[in-house]
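# Got a predicted model here, sequence first, then my questions.
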Amino acid sequence: MSRLARVLYLSTLAAIPWAALVPFPWIHENARWSDVLFALACLAWALGLLLERRLPKPRPVHAGLLLYIGWAAVSLAVAAPRPASGPAKLLGLAMLLALFVVTSDLAGQPGMRRAIAKTIAVTAVFTAAAALGGVALSGFGVLTPLVGTCGDLLPGPLWRAQAGFPHPNMLASYCVFAYGVVASDAAGLSRWLRRLATAALAVTVVLTMSRAILAFGLAAAVRHATTKPRRRFAWALAGALVAAMIGLTVVNLTFQPLRPWDLTLRREPSVRATAFTSSLETLAAHPLAGSGVGSSPGRRGRFPFDAHFTPLNVAATLGLPALGGLAYAVLCLWRERARPTDLALWGMLAGIGLDAIGQDVEDFRHVWVALGLADATRRQEGGSAA
């Protein structure tokens, strides 16, 4: 049963980048076939635990996540009006937390870290081929689901890669995640496969023309921060990139990706700034329970809109206690990390954190896999890693 759980789990990871090409809308509009695979993997994993007569040991990180989803349920119960998609959204949150728990347990088993890295590396190469092919075809006027419009929130004149994801920004975020997995020395990949996957991911994230290119750069800088000067550079770069991400939200600055020197500063507030301020107003009005699971706390004109700033989106949607639980869980992962620190893994998480300033990453499946990997490599009693 344990072997079946591992096979199904690895199949889930391989299916994540192709979610939008093969939708599974019967449960929720954002449900995917990868969720079906994971449900089977989760069932096999649970049966394996039953046969082995063991349970994952409760730890502080689990308390934080329990507060996160528990308060989400409270938010749904008190929301008025209750969002129609709220129950399905809450089920999705439960699936994401299960993804964290299962990843943490399976990735800590002998040989699984390498199997996960190899799965992600091979998937990354195929994802890059799809991204490159989609962009190349769009250059000849042949539009496919492999590309999306240029412009994060407003459509633009160019097409950018999204491969099997529903949006280029999600593909870019996935590239940051996949880089952290394959670049780790602990992954045990061969040099040629690691270099091939890294190059494929670098090309792909550039083809997304997304702000997450900055996050990818930060992840690479932290990964190579093996000396004191490099660590200083990584810290300085992190500060500069955080300022840049905030500035791109506050200032309505536009440019063409093929002519980055041709900048246009608009007088009206940017769409992201409007989403942020309107979400902040929602949080001020509903600090404890937010606007409810399945809702969008911000506004874009007359229409509901997400905050595009992960901490604010969680707080304004679910309430401050939920944000506190999620933040506490991440803090626990950092405090319990193995020493020496896995720079590739935590560089990836730093990149995801930077990306979280510009979009809502709390619902991305690969983000919860990343958190699960961090938990799997925690420091154990006696100081060794899992």
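Sure, I can see it.
# what helix or strand is residue 231 on?
For residue 231, the host element (DSSP states H and E) is helix 228-250.
# which other helices and strands contact that helix?
helix 212-223, helix 271-285, helix 343-355 (3 or more CB pairs under 8 Å, 6 or more residues apart in numbering; DSSP states H and E). The way it works is simple: take the backbone N, C-alpha and C, and place the C-beta from them, glycine included.
# Could you pull out the helices in the stretch 1-150 of the chain for me?
In the stretch 1-150 of the chain, the segments counted as helices under DSSP state H, counting those that start in this stretch are 2-15, 33-52, 60-78, 86-107, 112-139.
# got CSV for the helices and strands packed on helix 228-250, with mean pLDDT, distance to residue 197 and mean neighbour count too?
Output for the helices and strands packed on helix 228-250, formatted as CSV (pLDDT from 0 to 100; distance: least, CB to CB, whole Å; neighbours: other CB atoms under 10 Å):
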stretch, mean pLDDT, distance to residue 197, mean neighbour count
helix 212-223, 96, 13, 25
helix 271-285, 89, 31, 19
helix 343-355, 96, 12, 25
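# got the helices of the stretch 1-150 of the chain as a markdown table, with mean pLDDT, distance to residue 175 and mean neighbour count columns?
Putting the helices of the stretch 1-150 of the chain into a markdown table (pLDDT from 0 to 100; distance: least, CB to CB, whole Å; neighbours: other CB under 10 Å) gives the following:
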| stretch | mean pLDDT | distance to residue 175 | mean neighbour count |
| --- | --- | --- | --- |
| helix 2-15 | 93 | 15 | 19 |
| helix 33-52 | 89 | 17 | 17 |
| helix 60-78 | 95 | 26 | 19 |
| helix 86-107 | 92 | 19 | 20 |
| helix 112-139 | 94 | 8 | 20 |
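# Quick one, which of these gets closest to residue 162.
helix 112-139 (7.5 Å; CB to CB).
# Please compute how far that closest one lies from its chain's middle.
Centre-to-centre, helix 112-139 and its host chain are 17 Å apart (CA atoms, centre = their mean, to the nearest Å).
# Quick check: which helices or strands does that helix pack against?
Counting by 3+ CB pairs under 8 Å, 6+ apart, helix 112-139 packs on helix 2-15, helix 86-107, strand 147-149, strand 159-161, helix 168-182, helix 191-207.
# Quick one: closest of these to residue 317.
Closest to residue 317 of the helices and strands packed on helix 112-139, according to CB to CB: helix 86-107, at 9.3 Å.
# about what we covered before: closest to residue 230 out of the helices of the stretch 1-150 of the chain?
That would be helix 112-139 among the helices of the stretch 1-150 of the chain, by CB to CB, at 23.2 Å.
# Give me the angle between the closest one and helix 86-107.
Orientation check (axes from the mean of the first three to the mean of the last three CA atoms, to 10 degrees): helix 112-139 against helix 86-107 gives 130 degrees.
# related to what we said a few turns ago, make TSV out of the helices and strands packed on helix 112-139 and add distance to residue 237.
Compiled in TSV, these are given as follows (distance: least, CB to CB, whole Å):
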stretch	distance to residue 237
helix 2-15	29
helix 86-107	28
strand 147-149	28
strand 159-161	24
helix 168-182	15
helix 191-207	16
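# closest to residue 231 out of the ones you listed?
Nearest to residue 231, of the helices and strands packed on helix 112-139 and by CB to CB, is helix 168-182 at 17.4 Å.
# thinking again about what came up before, CA atoms of the helix holding residue 231 as CSV?
The C-alpha coordinates for helix 228-250 follow below in CSV (Å, rounded to 0.1, in the frame of the first residue of the first chain):
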residue,chain,number,x,y,z
LYS,A,228,29.8,35.5,3.2
PRO,A,229,30.0,38.0,0.2
ARG,A,230,27.4,35.9,-1.6
ARG,A,231,25.1,36.0,1.5
ARG,A,232,25.4,39.7,1.7
PHE,A,233,24.6,40.0,-2.0
ALA,A,234,21.5,37.8,-1.5
TRP,A,235,20.3,39.9,1.4
ALA,A,236,20.8,43.1,-0.5
LEU,A,237,19.1,41.7,-3.6
ALA,A,238,16.1,40.5,-1.5
GLY,A,239,15.7,44.0,-0.1
ALA,A,240,15.9,45.6,-3.5
LEU,A,241,13.5,43.1,-5.0
VAL,A,242,10.9,43.6,-2.2
ALA,A,243,11.1,47.3,-2.8
ALA,A,244,10.7,46.8,-6.5
MET,A,245,7.7,44.5,-6.1
ILE,A,246,6.0,47.0,-3.8
GLY,A,247,6.8,49.8,-6.2
LEU,A,248,5.3,48.0,-9.1
THR,A,249,2.1,47.8,-7.2
VAL,A,250,2.0,51.4,-6.0
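# right, so of the helices and strands packed on helix 112-139, which gets closest to residue 235?
Per CB to CB, nearest to residue 235 of the helices and strands packed on helix 112-139: helix 168-182, 18.1 Å.
# got the angle for the closest one vs helix 112-139?
Using the same axes, to 10 degrees: helix 168-182 against helix 112-139 is 150 degrees.
# on contacts alone, who are the packing partners of helix 168-182?
Short answer (3+ CB pairs under 8 Å, 6+ apart): helix 168-182 packs on helix 112-139, strand 159-161, helix 191-207, helix 212-223, helix 343-355, helix 365-376.
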